[in-house]
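In: Predicted coordinates and the sequence they were generated for:
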Amino acid sequence: MDHATRVDALLAELTRGEGFLGAALVSRDGLCVRSAGRTELSRETFSAMSATVMGAAEIALRELDGGATRSIVASTEKVLIVVVGATREMLLVASARTDAALPAVIARVEEAAKGVGKVLAGG
Amino acid sequence: MSQVEAVGVPQLERLICPMPEHTSLLFVNDPGVEAEAFLYQGAHAHLAAGGRVVYAVTNRAPEAVLHAMAALGLDADGHKERLAFLDAFSAHMAQPSNAKHVVQNPSNPLDFARVLEAAAREAPDAMLVVDALSTLVDQAGAERFEAAWPRLQSAMAKFRWSESLFTRWPYPSSVERMLEDFDGVVQLKGVEDRITISQYFRVERARWRVEVDTKPRLYRSLKPGGVHVFIPKIVVTGPYNAGKSSFVHAISDTAVSVDQLGTTVALDHGRVTLDGLTADVFGTPGQARFDPILRIVAGQALGVIVVIDSTKPDSFARAAEMMNLTWRQGLPGVIAANKQDLPGALPPEEIARMIPVPRGVRIVPCSGQDRESGRRVLKELVDLILAAGVSA
Amino acid sequence: MSGGRAGDRPTATATGGAPPPRVEIGVRRLDDLLEGGLPAASVTLVYGPPFLGKELLTRLFLLHGLRQGVPGILVLTSTATSDARQQLAQLDPAYPEYEREGLIQFVDTYSKSIGAEDDFAQAEYVDGPVNLNAVSLAVNNAQRRLIGDHPTHRMVYDSVSTTITYTNAQTTFRFLQVLVGKAKRAGATTMMLLDQGMHSDPEVQTIKHLSDGVIEVRPDGPANFLQVTGIGVTENRGWVEYRFGERSFDVVGSFSAGRIR
């Protein structure tokens, strides 16, 4: 199975989780690479802004304690997005309903990001 | 007759210098607005030029003045023999004083005038600083001060020139009327939003000039550094790969970029100091997918620099598009024709034929290899911003 | 950062035409006497002879705010910041926590004037009590550090008497006019201290004129009494007895606290 197919499978599995709406693999410079789920996360603006948000947060958090950024969460009343680093070049972005259990959502996204990282590293 | 060429604040000098000898210059500040730095810098500039200063202080010890000057990075220690203090504070606190001239009864403005006259006899070529005139009014009472004012004014005029500070507490109008007697007045005012959030100076009067630029200029008092005109936001935009981030880093004293994989994904931010002025510079991303950021980053900009790659005319259309997104009629703007050092770079005149350049916007050549050229672009824009006036 | 804190919450709901919300001092029966507390963004003069607990009352006012996450500014004219901090810590063991949260700011016009080596990050040091423009600037700087995260704060000016002593009543009045106006615009509820016996009657009246009301204290034999006037209090209950100790201030005299709100 090639990388793209395996990544697609990981994204599809993620979006089947309770509360999830969609997921996308986005390059850190704002281009959508793969996406899955009921909600369209491949739109150009969405992908670019996810990269912006993560990039800006990394600079800000580095000022505070110098550690790597684990995740960014942004939400409205109805939906939230979680942005997590997957590799040096890639981010994993997922959207879910705001009423979903946030710690569980973040944990699943982080786990999926690790899986994607392994696939892209040739694992 | 020789003139006064420097008052220590470059952006103020542009507006009021040269001043004739015996000019009386008054700084009038709103309460709570940083003001003494103007006096410190004026005194220091004259000392550094080899001149003498008589510094009359009324509301703190002379040592506090030296300490405050040092905090701004102004070394008065090296000019000690030409700096004489007139101490109108210590006696008020029943404390001894080491100052050259001491006013024994600071609440009597005539006593102050007498000591001032003696100081002027000793050093008629000195610059006089009065810090602050309003304290004399406080100590003497308005009526007594008004009665003594003609003699005080005459004593002050015996010096080469004078710079005084007056804090605008709610005094009676008779006190305000005395301010009319000064040849030059610079207002130092605060901009309020619940509290004073920023401050600006404007030249209200300079009788020795035919025309006076009264536009306000935002300023900050930096430690060290002193009074700097402050431009809160200059935006640097332009097509992808035109050299925007490099430009921001080249012109800034310090800069940081939010970039990933070789491209700016959020913004560049740089801090620039030049000619007594500091500016915050914000670079935008160039690729179209980041255009939503453009509007946010470019919001409230006081000037725009559009950086274009002079060797890539097919990027000029995108440059024009970005100019539309970030610039509005009347906003100072400059087009930086970058990469002039590369083969195939089009000269500014050629570029002007290919890009719709709005009226008032200049095209200035520059190159990433030449830091000074970037600074020249910035200076052009800053001159336009100062001419337009920073609205407060 | 303590974003999201509510600020001094009203003890009565304010609707159109109703009195302004009240800010509790934290001395229970005194707050009853004040019909809930001081009006938000008001200026109250605490006036009376020395050594009757006036200073303690203002510190308790600040600490009560700090406990609720409402920041405070303490302007000192005759005490060093280090001494004031020690005093606050003695009154409330949780005080160091408020400092760590950045809730307290000092404006110290005393330490530098006596050459004391005081150096606290959350203090603005002014070179003396006469440089009133510098005091005004320092208060503004302290407020700037607080108002980004907090809609309101408390301020104590300790004391007006010292400022009058170093300048004069007219100068102090002009200075306070500006300070009080700025404090209200910045959302501060302020208490100012004035000692009886140091100033002439007209001077005292001038300063009272600047305030929204007065908490006045006086001794009567071995007992101490206080009276509240102005500050939006609708019923004048006259002089009520109080007692104070090193850490406590209690209104002990009787008055009918019940009123229909």
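Out: Received, thanks.

In: where's the residue in the stretch 201-350 of chain B positioned nearest to chain C, which helix or strand?
Out: Minimum separation of the stretch 201-350 of chain B from chain C (CB to the nearest CB) falls at B:S221, amounting to 9.9 Å. Placement of C-beta: from N, CA and C, glycine included. Applying DSSP states H and E as the criterion places B:S221 in strand B:217-222.

In: and the next element down the chain from that strand?
Out: Counting by DSSP H and E, the next helix or strand C-terminal to strand B:217-222 is strand B:226-237.

In: and the angle for that following strand with strand B:217-222?
Out: 120 degrees (axes from the mean of the first three to the mean of the last three CA atoms, to 10 degrees).

In: The one helix or strand C:K182 maps to packs against which elements?
Out: C:K182 is part of helix C:169-185 when elements are defined by DSSP H and E. Counting contacts by 3 or more CB pairs under 8 Å, 6 or more residues apart in numbering or on different chains; DSSP states H and E, helix C:169-185 is packed against helix B:133-140, strand B:195-206, strand C:43-48, helix C:132-147, strand C:153-158, helix C:160-166, strand C:188-195, helix C:201-210.

In: Are the fifth one and chain B in contact anywhere?
Out: Looking back up the chat, that one is strand C:153-158. No - judged by CB under 8 Å from any CB of the partner chain, strand C:153-158 stays clear of chain B, getting no closer than 10.7 Å.

In: quick one: contacts of that strand?
Out: With CB atoms under 8 Å, 6 or more residues apart in numbering or on different chains as the test, strand C:153-158 has contacts from C:8, C:23, C:55, C:58-59, C:61-62, C:65, C:70-79, C:139, C:143, C:146-147, C:176, C:179, C:183, C:186-193.

In: Repeat that for the last one.
Out: The set of residues that contact helix C:201-210 without belonging to it, under CB under 8 Å, 6+ apart, is C:43, C:45, C:47, C:160, C:164, C:169-170, C:172-173, C:176-177, C:180, C:192, C:194, C:196, C:199, C:214.

In: Now the buried members of the residues you listed.
Out: Buried subset of these (neighbour count, 16 or more other CB atoms under 10 Å in any protein chain shown): C:43, C:45, C:47, C:160, C:164, C:169-170, C:172-173, C:176, C:180, C:192, C:194, C:196, C:199, C:214.

In: can you tell me which of the residues you listed lies nearest to chain B?
Out: Using CB to the nearest CB, those come closest to chain B at C:Q170, 6.9 Å.

In: Once you drop chain neighbours, what's closest to the closest one?
Out: Nearest residue to C:Q170, sequence neighbours excluded (CB to CB, 6 or more residues apart in numbering or on different chains): B:G141, at 6.9 Å.

In: Show me what counts as buried in the strand or helix carrying A:G115.
Out: A:G115 belongs to helix A:102-120 when assigned by DSSP H and E. Within helix A:102-120, the residues that count as buried by 16+ other CB under 10 Å are A:V105, A:I106, A:R108, A:V109, A:E110, A:A112, A:A113, A:G115, A:V116, A:G117, A:V119, A:L120.

In: again, but for stretch C:100-112
Out: C:G102, C:L103, C:I104, C:Q105, C:F106, C:V107, C:D108, C:T109, C:Y110, C:S111, C:K112.

In: Equivalent analysis for stretch B:212-220, please.
Out: Within stretch B:212-220, the residues that qualify as buried are B:V212, B:K215, B:P216, B:R217, B:L218, B:Y219, B:R220, counting by 16+ other CB under 10 Å.

In: Check stretch C:215-231 too.
Out: Buried residues in stretch C:215-231, counted by 16+ other CB under 10 Å: C:I215, C:E216, C:V217, C:N224, C:F225, C:L226, C:Q227, C:V228, C:G230, C:I231.

In: Same question for stretch C:226-245.
Out: Under the neighbour-count criterion of 16+ other CB under 10 Å, stretch C:226-245 has C:L226, C:Q227, C:V228, C:G230, C:I231, C:V233, C:W239, C:V240, C:Y242, C:F244 buried.

In: Now do B:V9 against chain A, distance only.
Out: 32 Å (CB to the nearest CB, to the nearest Å).

In: Run through the helices of the stretch 251-392 of chain B in chain order.
Out: With helices called from DSSP state H, counting those that start in this stretch, the stretch 251-392 of chain B shows them at B:291-298, B:316-326, B:348-354, B:371-388.

In: Of the ones you listed, which shows the lowest average pLDDT?
Out: Comparing mean pLDDT over the helices of the stretch 251-392 of chain B, the weakest stretch is helix B:291-298, at a mean of 82.

In: what's the angle from it to helix B:316-326?
Out: Here the directions of helix B:291-298 and helix B:316-326 differ by 50 degrees (the same axes, to 10 degrees).

In: tell me which residues of helix B:291-298 are tucked away?
Out: By neighbour count with 16+ other CB under 10 Å, helix B:291-298 contains the buried residues B:D291, B:I293, B:L294, B:V297, B:A298.

In: The third one touches B:P239, doesn't it?
Out: No - B:L294 lies out of contact with B:P239 (CB atoms under 8 Å); the separation is 11.8 Å.

In: joint contacts of these two?
Out: Going by CB under 8 Å, 6+ apart, residues that sit against B:L294 and also against B:P239 are B:M322.

In: Noted, bye for now.
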